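K.L.:
What follows is a predicted structure for the sequence shown.
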Amino acid sequence: MTNSEQHKKNNTRVFLLATAIALLILVNGGFAYWQMNQVKAEFYEVANRDLPLAQELLPLIDRQFEQTLLIEKLHQLKPEHRIKVVPILEESFIRTGNKFAETSAKLETMLKPMLDSPREMTRTKMQSVDQLLKQIIKEHHQYQTQVLEMIDHNKESRLEYPTELLDLLADEEKDLTNELISLRDELQRFTLNSAKAVERHEAMIIKGVVIFTLFAFSLGTIMLILIRQIMNSREQAIEKISYFANYDPLTDLFNRRHFFDQFNLAIREAEESNTPLSLCVCDLDHFKEVNDTLGHQAGDNILTTFAEILRKNIRENDFVGRFGGDEFVICFPDATSDQAAEIVERIRTRFAEYNALKLSVTSTFGIAELSHAANTDDLLLEKADKALYKAKENGRNQVHWG
Ligand SMILES: Nc1nc2c(ncn2[C@@H]2O[C@H](COP(=O)(O)OP(=O)(O)OP(=O)(O)O)[C@@H](O)[C@H]2O)c(=O)[nH]1
């Protein structure tokens with residue numbers, strides 16, 4: 001498998017893993033949100049509707065109790081007064097009782113959907129609430145019947161009420177009130193529990209959001225690091241490619257192609273500004289022998305040393321390239337062949353001095369100057385090559401131009 005195939009495979013794996021985790025988080029978040037909404041709906045149902053309704057029952061019972069006390073005192077009134085008051089009280093007592101029946105019926109209807117709730121906890125709680133309510137309704141009914149009987153009795157007789165009946169009514173009233181209070185408390189407890197459940201679910205969701213954020217952040221950071229690495233290696237590869245496209249890796253000088261690109265530009269500039277320009281072709285002498293006797297590595301070292309001497313001795317605007325093997329080219333913008341020869345002579349001497357210590361490798365140079373007869377890169381190169389050939393013929397280790 002190639003490197004890029006391996007990269008592609010790794011990228012796909014990272015992407016699939018991230019997608020799977022993101023989907024898991026999404027499903028989990030969705031489930032938690034759905035659960036929280038369910039609990040919230042039940043909570044608000046009780047808090048906003050049923051609880052105030054249950055609390056409404058309590059004052060109704062209180063009112064009926066007060067009315068009972070009044071009925072109790074009826075026998076103290078004169079019969080002619082009693083006849084006037086009894087119907088008013090009776091009517092008021094019945095009205096309050098009807099209101100009680102209406103409110104408790106509403107409460108019963110509202111409890112009904114919760115009795116069929118899909119959540120078992122809600123169902124169990126609501127069953128006990130429902131039983132309590134039924135008990136209250138039943139007891140209230142008995143209580144009301146007894147009081148109404150007492151009113152009838154008041155209408156017809158002048159007799160005092162038997163104390164047992166009054167005690168019984170008082171007890172029933174107390175029971176009724178107590179049961180109403182416990183109904184209200186039960187509903188309040190349920191509301192409180194629902195509120196806690198909502199809080200728990202909200203905390204869970206917040207935790208989920210925090211974990212998701214941390215995860216997304218880490219994933220993002222990893223992605224960024226990966227992208228940076230990919231970009232760095234891409235940049236390095238581009239740098240390498242452009243380096244190899246323009247430079248000779250052994251000597252770090254321009255390669256033949258890049259040298260000639262620059263050389264053509266220099267020729268155009270020289271023609272436009274009407275300034276001189278010279279080209280020098282250099283070749284090491286008997287370099288083959290160095291390779292054959294001392295080895296290829298020693299040959300390489302001599303080539304890099306020669307390149308270094310070239311670089312150090314040319315002027316700021318001059319440039320040099322490796323033509324191939326042991327052949328080099330130097331461009332001298334704004335220099336006649338005489339001026340170029342002066343610089344080249346210095347190079348030849350330095351190289352000869354350097355090598356004289358260890359080996360006897362020397363260099364030979366041929367120079368050509370831009371003219372009407374030699375006004376292209378090819379013609380200049382041909383002219384410089386001829387000069388080099390002449391110098392080699394003349395015994396090497398010298399500079400020829402003219
Ligand atoms: N070490 C080394 N040798 C190289 C490289 N490129 C070419 N050569 C060798 O350089 C030698 C060039 O020899 P020639 O230019 O033909 O001849 P020469 O021995 O220099 O003789 P003259 O040029 O006539 O003085 C050959 O033996 C090539 O194998 C390189 O990158 N490194």
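P.N.:
Okay, I see it.
K.L.:
In the protein, which residue sits closest to the ligand?
P.N.:
Going by C-beta to the nearest ligand atom, the ligand is nearest to Gly299 of the chain, at 2.6 Å. Any C-beta I mention is one placed from the backbone N, CA and C, and that applies to glycine too.
K.L.:
and that residue, how many residues sit next to it?
P.N.:
By other C-beta atoms under 10 Å, 20 other residues sit near Gly299.
K.L.:
What of Gly97?
P.N.:
21.
K.L.:
Neighbours of Ile222, how many?
P.N.:
Neighbours around Ile222, by other C-beta under 10 Å: 12.
K.L.:
Please tell me how far it sits from Val210.
P.N.:
19 Å (C-beta to C-beta, to the nearest Å).
K.L.:
would you say Cys280 is within a strand?
P.N.:
Yes: under DSSP: H, G, I helix; E, B strand; the rest coil, Cys280 falls within a strand.
K.L.:
got a pLDDT number for it?
P.N.:
According to the prediction, Cys280 has pLDDT 98.
K.L.:
partner residues bridging it?
P.N.:
Ile330, Ile367 (DSSP bridges).
K.L.:
picking that back up, correct me, but the residue of the chain closest to the ligand touches Phe287?
P.N.:
Yes: at 6.7 Å, Gly299 counts as touching Phe287 under the criterion of C-beta atoms under 8 Å.
K.L.:
returning to what we had before: does the residue of the chain closest to the ligand sit in a helix, a strand or a coil?
P.N.:
Taking three-state DSSP, the label given to Gly299 is helix.
K.L.:
Could you tell me which residues of the chain lie near the ligand?
P.N.:
For the chain, the contact set with the ligand under C-beta under 6 Å from any ligand atom comprises 250, 283-288, 291, 296, 299-300, 303, 325-326.
K.L.:
pLDDT on stretch 343-355, on average?
P.N.:
On average, the pLDDT along stretch 343-355 is 92.
K.L.:
Please identify the one among the residues of the chain next to the ligand that lies nearest to Pro276.
P.N.:
Of all the residues of the chain next to the ligand, Pro276 sits closest to Asp283, with 23.7 Å by C-beta to C-beta.
K.L.:
in which helix or strand would I find the closest one?
P.N.:
Assigned by DSSP states H and E, Asp283 belongs to strand 277-284.
K.L.:
other SSEs contacting the helix or strand following that strand?
P.N.:
Downstream of strand 277-284, the first helix or strand assigned by DSSP H and E is helix 287-294. In terms of contacts (3 or more C-beta pairs under 8 Å, 6 or more residues apart in numbering; DSSP states H and E), helix 287-294 is packed against helix 296-313.
K.L.:
how about the residue nearest the centre of the chain, phi and psi?
P.N.:
In the chain, the centroid-proximal residue (C-alpha atoms, centre = their mean) is Ala216; its distance is 4.4 Å. Note on Ala216: backbone dihedrals following degrees, to the nearest 10 are phi -60, psi -40.
K.L.:
And it, what's its pLDDT?
P.N.:
Listed pLDDT for Ala216 reads 77.
K.L.:
domain ranges for this protein?
P.N.:
For the chain, the structural domains run 3-223, 256-400, going by automatic domain parsing.
K.L.:
which one of these has the lowest average pLDDT?
P.N.:
domain 3-223 (a mean of 74).
K.L.:
Report the backbone C-alpha coordinates of stretch 300-311 in CSV.
P.N.:
This file holds the C-alpha atoms of stretch 300-311, laid out as CSV (Å, rounded to 0.1, in the frame of the first residue of the first chain):
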residue,chain,number,x,y,z
ASP,A,300,32.2,14.5,-4.9
ASN,A,301,34.2,16.4,-2.2
ILE,A,302,36.3,18.1,-4.9
LEU,A,303,33.1,19.1,-6.8
THR,A,304,31.6,20.7,-3.7
THR,A,305,34.8,22.5,-2.9
PHE,A,306,35.0,23.9,-6.4
ALA,A,307,31.4,25.0,-6.1
GLU,A,308,32.2,26.7,-2.8
ILE,A,309,35.2,28.6,-4.3
LEU,A,310,33.0,29.7,-7.3
ARG,A,311,30.3,31.0,-4.9
